[in-house]
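**Q** no letters, just coordinates:
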């Protein structure tokens, strides 16, 4: 069974292809919810033909894994002394 979120991402990918765009970066919570179901307060969503990646901070990592689908990657990003470190 395909979820409404997956259907929306497929429709978005078609539009991106029609516009000759390789990816879309989504920064608004209502928009990342519409595409993934993630209800957290912090994040950025990257949608491309290679996959959907949700970047959030450590406070929302478990929540993101629970609320989003398996095909998506979830990364937690933290900042230490101005250096960005990626955690999975």
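**A** Done, it's in. Remember, predicted model here, so these are calculated numbers, not experimental data.
**Q** with residue 9 as the reference, measure out to residue 51.
**A** Applying C-beta to C-beta, to the nearest Å, the value for residue 51 to residue 9 is 10 Å. For the C-beta atoms, the positions are set from N, CA and C on the backbone; glycine is no exception.
**Q** more neighbours: which of those two?
**A** Legend: neighbour count by other C-beta atoms under 10 Å for residue 51 and residue 9, higher for residue 9 (22 against 11).
**Q** pull out the buried residues from whatever helix or strand the more buried one lives in.
**A** Residue 9 belongs to helix 4-18 when assigned by DSSP states H and E. Counting neighbours by 16 or more other C-beta atoms under 10 Å, one finds that the buried residues in helix 4-18 are 5, 6, 9, 12, 13, 16.
**Q** and if you look at stretch 24-36?
**A** By 16+ other C-beta under 10 Å, the buried positions in stretch 24-36 come out as 24, 26, 32, 33, 34, 35, 36.
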